[in-house]
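>>> coords below, sequence missing:
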């Protein structure tokens with residue numbers, strides 16, 4: 001018996017199709033882990049699928065956190081993770097189980113298709129040094145070009161299989177990739193580092209709507225994606241790779257960003273990463289406490305680039321480019337004799353009110369708007385400085401804690417010697 005874990009967050013609209021397809025697979029126990037949904041997802045599962053094991057977290061633990069809850073509960077030796085908006089096709093489970101039975105295979109993934117039938121994922125790789133994801137076959141028609149099984153760098157966590165023995169050796173999904181993105185690439189990298197193979201299995205097929213928990217091109221999507229990418233880089237790049245390879249490439253990439261949502265999302269991702277440096281894993285770039293100083297400086301520099309870069313989206317430039325002039329419009333009347341007199345009087349009154357009342361008010365408002373725009377720009381620069389001061393304070397704290405630990409270790413060593 002195999003077990004599948006479905007982390008759910010507000011997925012009531014997709015769950016019936018997902019669960020119906022999984023329950024048609026033979027020999028599969030289904031565990032739904034609800035991450036505090038507010039749309040009745042848990043009630044739907046409880047009412048319509050009594051054969052499904054339901055776990056209610058009461059809050060959103062993120063993709064990795066929800067999966068880990070189910071992985072700890074499951075008793076099977078072969079385990080599968082499936083997103084709430086995935087619909088597996090006939091033979092999906094059998095094909096993945098067959099691949100997992102091969103020697104050395106630790107993780108398997110399937111061919112994911114969009115609802116229109118084009119390929120979403122046929123295995124993946126990360127582009128070095130920026131660690132941007134590449135999905136093989138992306139948006140191509142499914143005409144057989146991606147029908148050969150092969151070892152890949154990673155497979156998508158949207159529909160992924162793994163061995164229990166692998167969890168016992170390398171641990172569970174890293175919940176630091178909260179709420180989502182890059183936890184699957186991180187897990188596959190750890191699996192390969194432990195000597196296991198990661199295999200793409202095209203005979204297993206599933207449809208995936210993709211990103212139903214957040215707007216695909218919204219600020220939050222880019223924030224989560226950026227935060228996950230930065231965590232992956234800091235966790236797996238060496239202290240030499242980060243400044244020499246990643247930072248210059250990232251600087252050039254940021255300079256070319258035009259999407260306001262992406263720029264804002266990345267700005268927030270950098271702030272999240274800076275605030276979490278103290279609690280970050282001591283691995284990769286942060287293997288030593290002393291490395292935190294250099295990493296923080298470089299992250300601050302990259303984040304500040306998103307503010308300083310000249311762009312027409314700066315508020316004071318947008319306001320300065322607006323034509324604030326107000327011109328009175330002539331009044332005309334078709335009424336004979338009296339009409340021209342009325343029109344002349346109204347035109348005179350219109351000119352007086354525009355020149356002496358409306359225009360001064362608008363000019364005052366224009367001046368206020370410019371001052372507000374300048375204040376917003378100054379506030380952004382101040383936030384950068386505050387970030388720098390906060391990071392400096394965290395560094396001092398980290399150094400103090402490091403020295404205290406060293407002193408305690410010395411005292412302990414003395415006691416053991418005496």
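That came in fine, so what should we check first? None of the values given here were measured: they were computed from a predicted structure.
>>> Show the contacting residues for residue 184.
Shown in contact with residue 184 (Cβ atoms under 8 Å, 6 or more residues apart in numbering): 154-157, 160. For glycine as for every other residue, the C-beta is placed from the backbone atoms N, C-alpha and C.
>>> Residue 117: which of those is nearest?
Relative to residue 117, the closest of those is residue 156; by Cβ to Cβ it sits at 17.4 Å.
>>> re the thing from before, please flag which of the contacts of residue 184 sit within strands.
residue 160 (DSSP state E).
>>> what mean pLDDT does stretch 106-122 have?
Stretch 106-122 shows a mean pLDDT of 97.
>>> ok now that stretch, how far from the chain's centre?
Distance of stretch 106-122 from the chain centroid (Cα atoms, centre = their mean, to the nearest Å) equals 20 Å.
>>> ok, now stretch 232-248?
Mean-position distance between stretch 232-248 and its chain equals 19 Å (Cα atoms, centre = their mean).
>>> Could you do stretch 47-66 as well?
Stretch 47-66 sits 22 Å away from the centroid of its parent chain (Cα atoms, centre = their mean).
>>> Also stretch 149-158?
19 Å.
>>> Please list the outside residues in contact with it.
By Cβ under 8 Å, 6+ apart, the residues outside stretch 149-158 that reach it are 63, 67, 81-83, 86, 99, 107-110, 112, 121, 123-126, 135-136, 173, 183-185, 187-189, 192, 197-203, 206, 208, 210.
>>> What residues of stretch 93-102 count as buried?
Residues 93, 95-97, 99-100 are the ones in stretch 93-102 that count as buried (16 or more other Cβ atoms under 10 Å).
>>> same question, stretch 240-260
Buried residues in stretch 240-260, counted by 16+ other Cβ under 10 Å: 241-242, 245-247, 250, 254, 257.
>>> can you give me the end-to-end distance of it?
Distance between the two ends of stretch 240-260: 32 Å, counting by Cα to Cα, to the nearest Å.
>>> Run the chain-centre distance for that stretch.
On the basis of Cα atoms, centre = their mean, stretch 240-260 sits 17 Å off its chain's mean C-alpha point.
>>> Just the buried residues of stretch 240-260: which are in strands?
Using DSSP E, none of those sit in strands.
>>> about what we covered before: could you dump the contacts of residue 184 to a markdown table with pLDDT, neighbour count and distance to residue 236?
Shown next, in a markdown table, are the contacts of residue 184 (pLDDT from 0 to 100; neighbours: other Cβ atoms under 10 Å; distance: Cβ to Cβ, whole Å):
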| residue | pLDDT | neighbour count | distance to residue 236 |
| --- | --- | --- | --- |
| 154 | 98 | 26 | 12 |
| 155 | 98 | 27 | 17 |
| 156 | 98 | 26 | 18 |
| 157 | 97 | 26 | 17 |
| 160 | 98 | 23 | 19 |
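>>> I'd like the contacts of residue 184 as JSON lines, with distance to residue 140 appended.
JSON lines is the format used below for the contacts of residue 184 (distance: Cβ to Cβ, whole Å):
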{"residue": "154", "distance to residue 140": "19"}
{"residue": "155", "distance to residue 140": "17"}
{"residue": "156", "distance to residue 140": "16"}
{"residue": "157", "distance to residue 140": "21"}
{"residue": "160", "distance to residue 140": "21"}
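>>> and residue 259, what does it touch?
Here residue 259 is in contact with 217, 222 (Cβ under 8 Å, 6+ apart).
>>> Let me see the backbone angles for it.
phi -70, psi 120 (degrees, to the nearest 10).
>>> ok, now the one 4 residues further on?
According to degrees, to the nearest 10, the main-chain angles of residue 263 amount to phi -60, psi -50.
>>> Could you report the pLDDT at it?
pLDDT, residue 263: 95.
>>> who are the neighbours in contact with it?
257, 306.
>>> Where does residue 6 fall, secondary structure wise?
strand 2-8 (DSSP states H and E).
>>> Show me what secondary structure element comes after that strand.
Beyond strand 2-8 on the C-terminal side, the first helix or strand identified by DSSP H and E is helix 15-23.
>>> Identify each buried residue in that next one, please.
By 16+ other Cβ under 10 Å, the buried positions in helix 15-23 come out as 15, 18-19, 21-22.
>>> Can you give me the pLDDT of the nearest residue to residue 104 once chain neighbours are set aside?
Of all residues not flanking residue 104 in the chain, residue 197 sits nearest, at 4.9 Å (Cβ to Cβ, 6 or more residues apart in numbering). Looking at residue 197, its pLDDT stands at 98.
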